[in-house]
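> The following comprises the amino acid sequence and a computationally predicted model.
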Amino acid sequence: MSARVSAAKAGKALAAACDNVRPGAADDAVGAVVPSFVAAPSSTAQASALLRACAEHDLAVLPRGSGSRLSWGVPPARCDVVVDMLRMGAVIEHAAGDLVARVQAGARMADVASALATAGQEIALDVPGPATIGGVLADALAGPRRLRYGTPRDLLIGITVVRADGTVAHSGGKVVKNVAGYDIGKLFTGSAGTLGLITEATFRLHPRPAARAWVTARVQGTAPEVTTMAAAMVAAAANSPLVASAVELDRPAPGGPISVGVLLEGSADGVAARAREMEGLLGSLAQVPVSVAAPPDWWAGIPTVEGGAAEHTLMRVSFWVSRLGGVLDAIDAAARETGLRPAVGGSAGAGLLYVTLPGGAPGEAVARFAGRVRAAIPAGRGSAAVLAAPEAVRGALAGTAGLAGTAGLAGTAGLAGTAGLAGSVPGLALMRAVKDQFDPGHRMAPGRLTWA
Amino acid sequence: MTISSLVPRMTRICGPGNVVTDPLELRTYECDGLTSHRATPALVVLPSDADQVAAVVRECAAAGIPFVARGSGTGLSGGAVPREDGVLIVMSKMRRVLEVDPVARRAIVEPGVTNLAVTQAAAPHGLFYAPDPSSQVVCSVGGNVAENSGGAHCLKHGFTVNHVTGLEVVTPSGELTWLGDGTGVPLGYDLLGAFTGSEGTLGIATKVVVKLTVAPQVVHLVLAGYATLADGGRAVSDIIAAGIVPAAIEMMDALSIEAAEAAVACGYPQGAGAVLLVELDGPAAEVEAELATVMKLIEAAGATEVRTADDPAQRFAIWKGRKAAFAAVGRLAPAYIVQDGVVPRTALGDVLARISALSASSGIRVANVFHAGDGNLHPLVLYNDAVPGEAERAEEVSGAILDACIEYGGSITGEHGVGVDKSRYMPRMFSDDDLDTMQLLRCAFDPASLCNPGKVFPTPRLCGEVPGHRRAPHPAVVAGQAAVSREGDPPHPPMEIF
């Protein structure tokens, strides 16, 4: 059967399953791959019929929410159908008395936040407003307050997914305490659409705090005192009984000053008193300017690689907080050795930093940079994963077989990988087995977390 | 290969003295905290390290022999009930605290370490291990991982899964692998999150990397007596509505108060219809203000008596009654069933009224102890097995309570796990497709179905099969090895009921 006839048959099947199907256009492209179809289901039932139709016609499927991170990782090997989740954007249920909310996966975080705020509650994730619930789960995104509240998997209490063959499945429920059955929600969090399609999610909520204050310290001087000092401040703040909601670090230039920012949340009086105490704590560690005020202008959260940043390389480094000083020094050393100029920032108190390397960096230099940083992290106690990189850089990373810990391929949480992007991934064989069970046809976001 | 031929191989792996074959000794492992379900294992081994566990599992895998892991044996859902045709792998010799990193707030412990021992190892650094089941003096961290244990303080601080950042596990095929790396930042699938709470069916944990929590600046405990559960419930609702998240909110009814008093002389308010415990922890600057609000709301709901405690000794004395409650009801009746249902907190009043009505109409007494903050009930269904029909009526009341929990949008288990005890209720909470999807995970980890088989799911899924495409009865059903559960079927008989 010719490609054109089978495409027509597929199109008819999709249209029968879903009332909103159109041909893919240039701006639906993911990398160089333009999907044949874009289908936007309006309900879990439609999504189920849609995926069943895709299974019957052997179509590769890529879920899409806001699309803001489609350029992360490696483009999919195949993409016949983009499943656009934006028509499923409702807050289905908000049980304020139970501090629980059930939402559709295509709902934007900003819309969910304002709906929940009417009852003074929130999903305690600092993620970009345009991001969808499904995207946040698929990529396991979390911002500064991960230190206190955890990441999406810690706030998710129930999920509805559609498997690659169209089967609808639920796990968890509407109550926070629930250990009945396996937690498929946690399995899907960070799976980047490779196990199936998330259509609904239920979260535990927190009361929105009455007041917030930021305590910021700026450390400058010579290495290694600067990194040692900053690391000591981060640890002291993160481990303080003053209960910081977030402890962030910003170092826009290698070898330059480091800012440490601490977020405190609570009652107005309580926050004021704790901020003064935190100010004293940080000030006692070093003679540096410490201020209590509104958020520092660098308080960003998750870096983006949209628009002008599209040529940057974005790395995510995770580590045990006791190694923060060593990680900062390694980044400096890597910068010196490669001549690259990394911008560093992130949830240092929670053991995570983002490193952005400017566009135009030669792929081979980025590969060496990544390797140098990885070497500073004790084996099995963290990772340095490239989340997003321009094509030339990705090519160079794939060629660095020496950086891969396992034969062939590895992945990063939520984002695609080939050999060099992540280094070794614990439990990789089991992940492959899980993938084969959930998506034996390898049609869900193929290549995003590469195994083959 | 038969079990007896495994004995010399197991002895070589674990060392003489660490393999149990004596029939009387084997019987001492026949059940865990759920004493109504018992089975004597064919063989018991006690490995001392991860390599021995892996070697033991490899032997079982090669021989096609099922195996079950056991921690301290305090579980309440029969998760550690052995297989009569299998090996019981007892983890209690692996009880070293391997490392504490106070700056990173991490500790690496072997699975046999008790829950409390983790806190004790962390205490010198001003840290503690937050998930605190009432059995924490005895229960093992490995068991906590299997069940995703909670405890009274999980309302604010979370459950085991929120505090485990890495696991070294032995897979059902006998390989050692790590899940997670202690950072809480996943690479690839969150198998760590899926494994925690999988009730020992996906493998055996041999090292646990736990997250430690900073000890709070202040802790205040408030005890309040009320005439009725409804009054106490009102106080709880008001506290939550005020935007306060206490570290713990516990309630006990008259019957459980009576039992606790008889057992440990905790001195709870005499004649109270309900006792409420509210614990606040955090920075002093916040807790003092929260305490003032909580006291106001507690009084406004009609408290007949209120006490507060802010030093560890006083708080311990007040908690004593609550923590002794399960064991204490043993004084009220020769036997009891403890349930673990969850309902949305706002439905608590209605469900408690339902339980009360069930108790009245059946003549079966039910003592209620519950985590009022998160809707996790522990109805203790009391009965005298010497009275004909009473055990059956207690079972019916128990089932009706779980049905009510499901009806109100809750769960059949909040922290004890499904095990053998509640697998027959799983189809009331989840559809066939839901259960089938969960079992895909099991097929990925344990295609040979040797790792704690028969737990959690009422009907095993044969891995590799395509559901729904069968006309003849499944070969396993024909062979009597599996059964298809349907609504209205009588419950599956457990291994043995005493």
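Looks like it arrived, so ask away.
> all helices of the stretch 1-150 of chain B, in order?
Under the criterion DSSP state H, counting those that start in this stretch, helices of the stretch 1-150 of chain B are mapped to B:3-14, B:23-27, B:50-63, B:115-122, B:141-147.
> So which bits of the first one are buried?
Residues of helix B:3-14 classed as buried under the neighbour-count rule (16 or more other CB atoms under 10 Å in any protein chain shown) are B:3, B:6-7, B:9-10, B:13-14. All C-beta atoms are positioned from the backbone trio N, CA, C, and that covers glycine.
> Next: the third one.
Across helix B:50-63, burial judged by 16+ other CB under 10 Å covers B:50, B:52-61, B:63.
> Might you list the low-confidence residue ranges for the chain?
Assuming you mean chain A. By pLDDT under 70, the low-scoring segments of chain A are A:1-3, A:305-309, A:399-423, A:450-452.
> please go with chain B instead
Ranges of chain B meeting pLDDT under 70: B:464-498.
> which residues touch whichever residue of it sits closest to chain A?
Closest contact between chain B and chain A, by CB to the nearest CB, is at B:Gly193 (3.1 Å). Shown in contact with B:Gly193 (CB atoms under 8 Å, 6 or more residues apart in numbering or on different chains): A:153, A:183, A:186-187, A:189, B:161, B:186.
> Let's have the residues you listed in a markdown table, adding neighbour count.
Shown next, in a markdown table, are the contacts of B:Gly193 (neighbours: other CB atoms under 10 Å in any protein chain shown):
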| residue | neighbour count |
| --- | --- |
| A:Arg153 | 24 |
| A:Asp183 | 29 |
| A:Lys186 | 28 |
| A:Leu187 | 28 |
| A:Thr189 | 30 |
| B:Val161 | 24 |
| B:Pro186 | 29 |
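> Greatest separation within those residues: which pair is it?
A:Asp183 and B:Pro186 (13.6 Å; CB to CB).
> name the element the residue nearest to A:Pro440 when sequence neighbours are not counted belongs to?
Leaving aside its chain neighbours, A:Pro440 sits nearest to A:Ala164 (7.8 Å; criterion: CB to CB, 6 or more residues apart in numbering or on different chains). Assigned by DSSP states H and E, A:Ala164 belongs to neither a helix nor a strand.
> in a helix, that's where A:Val373 is, yeah?
Yes - checked against DSSP: H, G, I helix; E, B strand; the rest coil, A:Val373 lies within a helix.
> shouldn't it be in contact with A:Ile331?
Yes - using CB atoms under 8 Å, A:Val373 is in contact with A:Ile331, at 5.9 Å.
> Touching both of the two, which residues are there?
A:317, A:355.
> near chain A too, which of the buried residues of helix B:3-14?
When CB under 8 Å from any CB of the partner chain is applied, no member of those is adjacent to chain A.
> Distance to A:Val290 added to the helices of the stretch 1-150 of chain B, as a markdown table?
Below are the helices of the stretch 1-150 of chain B laid out as a markdown table (distance: least, CB to CB, whole Å):
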| stretch | distance to A:Val290 |
| --- | --- |
| helix B:3-14 | 57 |
| helix B:23-27 | 64 |
| helix B:50-63 | 46 |
| helix B:115-122 | 29 |
| helix B:141-147 | 39 |
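> Nearest to B:Asp310, out of those?
With CB to CB as the measure, helix B:115-122 is the member of those nearest B:Asp310 (19.5 Å).
> thinking again about what came up before, right, so of the helices of the stretch 1-150 of chain B, which gets closest to A:Ala101?
Smallest distance to A:Ala101 across those (CB to CB): 26.6 Å, for helix B:141-147.
> Quick test: name the residue nearest the centre of chain A.
A:Leu141 (3.1 Å; CA atoms, centre = their mean).
> and that one, helix, strand or coil?
Assigned with three-state DSSP, A:Leu141 falls in the coil class.
> Let me see the contact set for it.
A:125, A:127, A:131, A:135, A:151-152, A:302, A:414.
> Outline the domain layout of chain B.
For chain B, automatic domain parsing gives the domain ranges B:3-90, B:97-214, B:218-325, B:333-407.
> hmm, stretch A:425-436 in reach of chain B?
Yes - in terms of CB under 8 Å from any CB, part of stretch A:425-436 sits within range of chain B, namely A:425-431, A:433-436.
> hang on, the earlier thing: could you measure from the residue nearest to A:Pro440 over to A:Ile198?
A:Ala164 is 13 Å from A:Ile198, where distance means CB to CB, to the nearest Å.
> between the two, who's got more neighbours?
Ranked by neighbour count (other CB atoms under 10 Å in any protein chain shown), A:Ala164 and A:Ile198 place A:Ile198 first, with 31 against 21.
> SS state for the more buried one?
Following three-state DSSP, A:Ile198 is assigned to strand.
> With B:Trp178 instead?
Here B:Trp178 is recorded as strand under three-state DSSP.
> so it touches B:Gly166, yeah?
Yes - with contacts counted by CB under 8 Å, B:Trp178 reaches B:Gly166, the gap being 6.4 Å.
> about what we covered before: mean neighbour count, the domains of chain B: which tops it?
domain B:97-214 (a mean of 24; mean count of other CB atoms under 10 Å in any protein chain shown).
> what residues are up against the nearest residue to A:Ala429 once chain neighbours are set aside?
Spatial nearest neighbour of A:Ala429, chain neighbours left out: B:Thr177 (7.2 Å); criterion: CB to CB, 6+ apart. By CB under 8 Å, 6+ apart, the contact set of B:Thr177 is A:426-427, A:429-430, B:168-169, B:171.
> How about the closest residue to chain B within chain A, nearest residue that isn't a chain neighbour?
Closest approach between chain A and chain B, counting by CB to the nearest CB: A:Lys186, at 3.1 Å. Computed as CB to CB, 6+ apart, the closest residue to A:Lys186 that is not its neighbour in sequence is B:Gly193, at 3.1 Å.
> which element is A:Arg4 on?
Under the criterion of DSSP H and E, A:Arg4 resides in helix A:3-17.
> what's that helix in contact with?
Residues outside helix A:3-17 that contact it (CB under 8 Å, 6+ apart): A:21, A:36-37, A:39, A:46, A:49-50, A:52-54, A:56-57, A:59, A:80-81.
> which among the residues you listed gets closest to A:Pro362?
For these, the closest approach to A:Pro362 (CB to CB) belongs to A:Asp80, at 34.7 Å.
> Just give the number of residues close to the closest residue to the closest one other than its chain neighbours.
Once flanking residues are discounted, A:Asp80 sits nearest to A:Leu59: 3.9 Å by CB to CB, 6+ apart. Counted with other CB under 10 Å, residues neighbouring A:Leu59 total 25.
> do you know how far B:Ala50 is from A:Pro23?
Here the distance between B:Ala50 and A:Pro23 works out to 55 Å (CB to CB).
> Write down the beta-bridge partners of the residue nearest to A:Ala429, one by one.
Beta-bridge partners recorded for B:Thr177 (DSSP bridges): B:Val169.
> how close does it sit to B:Ser4?
Counting by CB to CB, the gap from B:Thr177 to B:Ser4 is 31 Å.
> Next: A:Gly325.
For A:Gly325, the distance to B:Ser4 equals 57 Å [CB to CB].
> likewise B:Cys405?
Using CB to CB, we find B:Cys405 at a distance of 45 Å from B:Ser4.
> just A:Lys186 next, same as before
Note on A:Lys186: its distance to B:Ser4, by CB to CB, is 41 Å.
> Quick one: the buried residues of helix B:50-63 as CSV, columns for distance to B:Leu116 too.
What follows is the buried residues of helix B:50-63, written out as CSV (distance: CB to CB, whole Å):
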residue, distance to B:Leu116
B:Ala50, 23
B:Gln52, 26
B:Val53, 23
B:Ala54, 28
B:Ala55, 30
B:Val56, 28
B:Val57, 28
B:Arg58, 33
B:Glu59, 33
B:Cys60, 31
B:Ala61, 34
B:Ala63, 37
